[in-house]
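Q: Next comes the sequence, and after it the predicted model I'd like to discuss.
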Amino acid sequence: MIYRPMYVDKIMAYVDTPFVKILTGVRRCGKSTILKMIMEKLKTERNVPEKRMISCRFDSMEYEDMTAKQIYAQLKEQLSSDGKTYLFLDEVQEIKEWEKVVNSLVSDFDVDLYITGSNSRMMSSEISTYLTGRYISFRIFTLSFGEYLMFKGKYADVEEPKAELKNYVRLGGFPATHLQAYSQDEIYTIVRDIYNSTIFSDIVKRNQVRKIDQLERVVKYTFNNVGNTFSAKSIADYLKSERRSIDNETVYSYLEKLEKAYLLHRCSRYDLQGKEILKTQEKFYLADVALRYSALGYNADSVASSLENIVYLELRRRGYTVNVGKTGDGEVDFVAARQNEKVYVQVTQKIKSEKAEKREYDRLLGIHDNYPKYVLTTDEFAGGNYEGIKTVHIADFLLSSEY
């Protein structure tokens, strides 16, 4: 196991508190491994004996036909009689009415409870009903650029960051793909399996989707349009032009299901003048850039939007709420807010002309406040300050906590 302090340290701060710790994220982003890391820390740093730790993986066939009541009874039997029991329930959303199991365990016994899930129903109204004020959620993402370098350093020589960024864009950050030296094709095969299992287990099977071909066409459209604003109507119109009839509501339903399975992140537009979230023409970003390439094949022309996707995920990892900023006559890629902080970010692969440079900077110069503003690029000589706007190489931005 390769330690991921970004998450483990945050979660460990809540050990032995009365809160249920809920880890959510796309399949294979590392949630189960993080649970194992917490168990290891409890043993080595808190001296918790192994007999007081119970771990269950509910996507195992062992639990396939068990009811919530049966699982509650089984777990109850295993609880320690001489001290707090630490419960680790992995992929708990596979159990119908799991919320009742969790609520009963924390209400009736001396337990410290950690659960994971790969569907946003984990954070649904049912949890609010049963666990009001008694849970803390942790969103787990695929490997950050810094984590990718750390993983790769365990089995291969690591190039300097600006060169490695090209590999990270191409290969993505699913932890399972960076445990040894896989080829690009092998990585895409692994990621394609993650994609297929998510589509068919978390979307098709769970929601009884019948028109799978229709769903996959919507997926293909969104994957092809990462970083572009579009609406459900845009997709419906495009599919109709290909003689594939589909209504707006069905498209919207598919997009919602892809979000709930954590394959997609919705990024709404924010009107910087009107100070309000706009309801139309949103952007969508992928849980990991490798999903796009595994499904559609690698295309160098898509690197610019993949870089934008990577920056979006990094801002989310750092705890920001992220929107697209709408200005009078254009857009700012990201308006990121965190408590009393705010940053504005433009992402561009290369600034190829004075006209392009003026466009990128003018959008930020038109925002008249004192929050930090950045233009992120892969230009070799990125750096410096232009009327208060910092130009930073994307690799440096991803690796620094300064920005």
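A: Perfect, thanks for sending it. Residues are numbered from 1 along each chain as shown.

Q: where does the chain dip in pLDDT?
A: Counting by pLDDT under 70, the ranges of the chain that qualify are 121-128, 352-356.

Q: Apply 80 and report the result again.
A: For the chain, applying pLDDT under 80 flags the ranges 119-130, 132, 329, 351-360, 380-383, 403.

Q: center of it, which residue is that?
A: In the chain, the residue lying closest to the centroid (C-alpha atoms, centre = their mean) is residue 141, at 4.2 Å.

Q: Next up, the contacts around residue 259.
A: Listed by C-beta atoms under 8 Å, 6 or more residues apart in numbering, the contact set of residue 259 reads 120, 265-266. Using the backbone N, CA and C atoms, a C-beta is placed for each residue, glycine as well.

Q: for those residues, which one is nearest residue 330?
A: Each of the contacts of residue 259 was scored against residue 330 by C-beta to C-beta, and residue 266 proved nearest at 20.9 Å.

Q: List the contacts of that closest one.
A: Contacts of residue 266 by C-beta under 8 Å, 6+ apart are 255, 259, 282-284.

Q: Taking these, tell me the two that lie furthest apart.
A: Across the contacts of residue 266 (C-beta to C-beta), the longest gap, 12.7 Å, separates 259 and 283.

Q: all strands of the stretch 151-300 of the chain, in order?
A: Counting by DSSP state E, counting those that start in this stretch, the stretch 151-300 of the chain has strands at residues 264-267, 269-271, 276-277, 283-286.

Q: out of the ones you listed, nearest to residue 239?
A: Closest to residue 239 of the strands of the stretch 151-300 of the chain, according to C-beta to C-beta: strand 283-286, at 16.1 Å.

Q: Name the residues that touch the closest one?
A: 222-223, 225-230, 255, 263-267, 269, 292, 308-309, 312-313, 324.

Q: a helix runs through residue 33, doesn't it?
A: Yes - assessed by DSSP: H, G, I helix; E, B strand; the rest coil, residue 33 belongs to a helix.

Q: Could you check how far the closest residue to it other than its chain neighbours is from residue 151?
A: Nearest residue to residue 33, sequence neighbours excluded (C-beta to C-beta, 6 or more residues apart in numbering): residue 1, at 5.9 Å. Distance, residue 1 to residue 151, using C-beta to C-beta, to the nearest Å: 11 Å.

Q: care to break this protein down by domain?
A: The chain breaks down into these domains under automatic domain parsing: 5-139, 143-403.

Q: hang on, isn't residue 2 packed against residue 150?
A: Yes - with contact taken as C-beta atoms under 8 Å, residue 2 and residue 150 are classed as touching, separated by 6.6 Å.

Q: How far off centre is the helix or strand hosting residue 113?
A: In this assignment (DSSP states H and E), residue 113 forms part of strand 111-117. Strand 111-117 has its C-alpha centroid displaced from the chain centroid by 20 Å (C-alpha atoms, centre = their mean, to the nearest Å).

Q: Next up, phi/psi of residue 307, please.
A: Torsion angles at residue 307 (phi, psi; degrees, to the nearest 10) stand at phi -60, psi -40.

Q: That one against residue 169, yeah?
A: Yes - Residue 307 is within contact range of residue 169, at 6.4 Å (criterion: C-beta under 8 Å).
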